[in-house]
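In: below are the sequence and a predicted model for it; my questions follow.
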Amino acid sequence: MDWNTLLASRRARSVSTRHSAGRDLRSEFEKDYHRIIGSASLRRLQDKTQVFPLDKSDFIRTRLTHSLEVSSIARSLGQTVSQDIIQNGRDPQFDLQKKEDICNILQCAGLIHDIGNPPFGHFGETAIREWFQTHLPKLTYKGRPVTKLLNSQMLADFYNFEGNAQALRLLTKLHFLVDENGMNLTYALLNTIVKYPVSSLQINRHSGDIRTKKMGYFLAEQELYQKIASEAGTTGMRHPLTFLLEAADDIAYSTADIEDAFKKGCISYTELLHELEQYEQRAPLREKDYFNAAQVLREKYETAKKRHIADCEEFAVQNFLVRVQGFLITCAAYGFIGNYRQIMDGTYRNDLFEFTYAKNLIRLLKDTAYRYAFTSGPIFRLEIAASTVLNFHLDHFIAATLYYDTEEKQSDVEEKLMALISENYKQAYHAYADGKNETERLYLRLLLVTDYVCGMTDSYAKRLYQELNGID
């Protein structure tokens, strides 16, 4: 792979360079940024929670605040590694313009990396997958089991439903404003957000290759993805910037989840310190010498005491996490540069932390957040409520969409349910269903429902559930 091809600024629909106020001097990637910032899908992220579904706190992170953090960290990583490439002559063709382009792409990618995720935090994807695994085998269409009509990849798309794949679909098709090309973003940006360049049939969680951990696109977007990968020269491989985006995401949520869990009372300062001390006892000596996490947390607490801070524990945790973020950013940049040749050859199989001093720490942070927050009583109650809401919507809208746009007559209630689905989504469905056979149209109608559900905010999903159930 080479950067001249990787930074592909082409789009599905070419855009005129003429501008009403004169020549537009923005780069194509700066134009991407403005398209994203002005989109309704990005705005909806302010009402989608990151970890705590249906949470009423104004402190807990939403998908939007998380995405802003990822965007900032990703841009910083882009600046660091680009400067290293230039200073150390790792690529003779790499110049300051490429550095700027990389930073802009990563800034945009951070904003949209979660844009396809459904409501109710991490749990939303699980709820959708489980609904299809349980109910799809029971569905019939014109007297025949749906599982006998859809092909293996269509079924696998629903059984392995993934927000990453939904993001690509949303960005390239569902923003039906000008035409069926969605936001019409650059190929380089679209390629960067595809973390897993495989279909639902190619998932292999035990391969040891991070590329096959999940799917990156649905069958409906497979041809489009192949076009994007071909344009960027990454066919069968991850885009190098995807590693930096993924690292930024890991840094943001591994630290933010701890902070949010602390704020919610799921983990205390003492418990966090205990976890870090236990980790400190197991960590290799050189790793502790480089960054002693427990010592940093204790130092922050002592600093708060000396300054007579009202809440020493809160000060310590928050400032500790700031230090951790800086350490993780340094390690991620080192991981990229240290494996630069393999990454550019498409043969690197791990995340950027694998061979750094941050590998064990970031795993500890994720594991600690999972044990103290994700498996806590308050989360369980919220997830049960979220599951009830999502199952209701999928039950009713899947049933309503089965015979939509067919010769079969729908019931009055089914017609009314279909009327609730966004016209943009239905317009996109009709554009891509035109000329398709009956099986393909059925598959696209099922995707129409997941499009609608994933587009819901937490509040909208809950409110619609209450309205349709006659709950005041």
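Out: It's in. Numbering: from 1, shown residues only.

In: output the lowest mean pLDDT helix or strand found in the protein.
Out: helix 285-290 (a mean of 72; mean pLDDT, DSSP states H and E).

In: show me what the following helix or strand past that one is in contact with.
Out: Sequence-wise, the next helix or strand downstream of helix 285-290 (DSSP states H and E) is helix 293-306. With contact meaning CB atoms under 8 Å, 6 or more residues apart in numbering, helix 293-306 is reached by 269, 272-273, 276-277, 279-280, 311-313, 315-317, 319-320, 323-324, 361, 364. To be clear about C-beta, it is placed using only N, CA and C from the backbone, and glycine gets the same treatment.

In: filter the residues you listed to the buried ones?
Out: 269, 272-273, 276, 279, 312-313, 315-317, 319-320, 323-324, 361, 364 (16 or more other CB atoms under 10 Å).

In: and of those residues, the nearest to residue 262?
Out: residue 317 (5.1 Å; CB to CB).

In: need the contact list for the closest one.
Out: 258, 259, 262, 269, 272, 297, 300.

In: and it, what element?
Out: Per DSSP H and E: helix 312-338 holds residue 317.

In: residue 202 and residue 214 touch, don't they?
Out: No: Residue 202 is beyond contact range of residue 214, at 10.3 Å (criterion: CB atoms under 8 Å).

In: more neighbours, those two?
Out: Legend: neighbour count by other CB atoms under 10 Å for residue 202 and residue 214, higher for residue 214 (18 against 15).

In: excluding chain neighbours, what is closest to that one?
Out: residue 196 (4.7 Å; CB to CB, 6 or more residues apart in numbering).

In: and if you look at residue 94?
Out: Residue nearest to residue 94 in three dimensions, not counting chain neighbours: residue 85, with 4.9 Å by CB to CB, 6+ apart.

In: check which helix or strand covers the residue sitting nearest the centre point of the chain.
Out: Closest residue to the average C-alpha location of the chain: residue 114 at 3.0 Å, with CA atoms, centre = their mean. For residue 114, there is no enclosing helix or strand under DSSP H and E.

In: how far away is the most far-flung residue of the chain relative to its centre from residue 272?
Out: Largest separation from the mean C-alpha position in the chain: residue 306, at 40.9 Å (CA atoms, centre = their mean). Residue 306 sits 20 Å away from residue 272, going by CB to CB, to the nearest Å.

In: before we move on, what about residue 321?
Out: 10 Å.

In: shared neighbours of these two, anything?
Out: Common neighbours of residue 321 and residue 272 (CB under 8 Å, 6+ apart) are residue 258.

In: that older thread, who's in contact with the residue nearest to the centre of the chain?
Out: Residue 114 neighbours (CB under 8 Å, 6+ apart): 45, 63, 66, 67, 70, 163, 167.

In: residues near the fourth one, how many?
Out: The burial count assigned to residue 67 is 27, neighbours taken as other CB under 10 Å.

In: quick check, it in contact with residue 109.
Out: No: if you go by CB under 8 Å, residue 67 and residue 109 don't touch, sitting 9.9 Å apart.

In: sketch out the low-pLDDT regions of the stretch 1-150 of the chain for me.
Out: 15-22, 50-60 (pLDDT under 70).

In: contacting residues around the helix or strand that the helix holding residue 317 is followed by?
Out: Downstream of helix 312-338, the first helix or strand assigned by DSSP H and E is helix 340-345. If you take CB under 8 Å, 6+ apart as the criterion, helix 340-345 is touched by 1, 2, 85, 90, 240, 243, 336, 348.

In: pretty sure residue 106 is in a helix, no?
Out: Yes: counting by DSSP: H, G, I helix; E, B strand; the rest coil, residue 106 is part of a helix.

In: counting neighbours, what do you get for it?
Out: 30.

In: what do you get for residue 356?
Out: 22.

In: again, but for residue 251
Out: Neighbours of residue 251 under the rule other CB under 10 Å: 29.

In: swap in residue 138?
Out: Counted with other CB under 10 Å, residue 138 comes out at 9.

In: please shift the residue numbers so they start at 57 in all later answers.
Out: Sounds good: first residue 57 from here, last item residue 194.

In: do you know how far it is from residue 187?
Out: Noted for residue 194: a distance of 11 Å to residue 187, by CB to CB.

In: and residue 418, by the same measure?
Out: Taken as CB to CB, the span from residue 418 to residue 187 is 32 Å.

In: same thing with residue 274?
Out: 16 Å.

In: next up, phi/psi of residue 321, please.
Out: With angles defined as degrees, to the nearest 10, residue 321 shows backbone torsions of phi 80, psi 10.

In: again with residue 348
Out: Torsion angles, degrees, to the nearest 10, at residue 348: phi -100, psi 100.

In: dump the residue contacts of the residue nearest to it when sequence neighbours are not counted.
Out: Of all residues not flanking residue 348 in the chain, residue 336 sits nearest, at 6.6 Å (CB to CB, 6+ apart). Contacts for residue 336 (CB under 8 Å, 6+ apart) come out as 344, 348, 349, 350, 351.

In: can you report how many residues lie near the fourth one?
Out: By that I understand residue 350. Counted with other CB under 10 Å, residue 350 comes out at 20.

In: burial of residue 151, as a residue count?
Out: By the criterion of other CB under 10 Å, residue 151 has 14 neighbours.

In: and what of residue 363?
Out: Per other CB under 10 Å, the neighbour tally for residue 363 reads 9.

In: again, but for residue 80
Out: Residue 80: 14 neighbours (other CB under 10 Å).

In: ok, now residue 215?
Out: 14.

In: that one touches residue 185, doesn't it?
Out: Yes: contact criterion CB under 8 Å: residue 215 and residue 185 qualify, at 6.7 Å.

In: packing partners of the helix or strand containing residue 283?
Out: Element membership for residue 283, per DSSP H and E: helix 278-288. Helices and strands touching helix 278-288, by 3 or more CB pairs under 8 Å, 6 or more residues apart in numbering; DSSP states H and E, are helix 59-62, helix 243-249.

In: of those, which stretch is the most buried?
Out: Comparing the helices and strands packed on helix 278-288 by mean neighbour count (mean count of other CB atoms under 10 Å), helix 243-249 ranks first with a mean of 28.

In: chain center to that helix: distance?
Out: 13 Å (CA atoms, centre = their mean, to the nearest Å).

In: distance of residue 221 relative to residue 254?
Out: 10 Å.

In: those two: who's more crowded?
Out: More neighbours surround residue 221 than the other of residue 221 and residue 254, with 26 against 20 (other CB under 10 Å).
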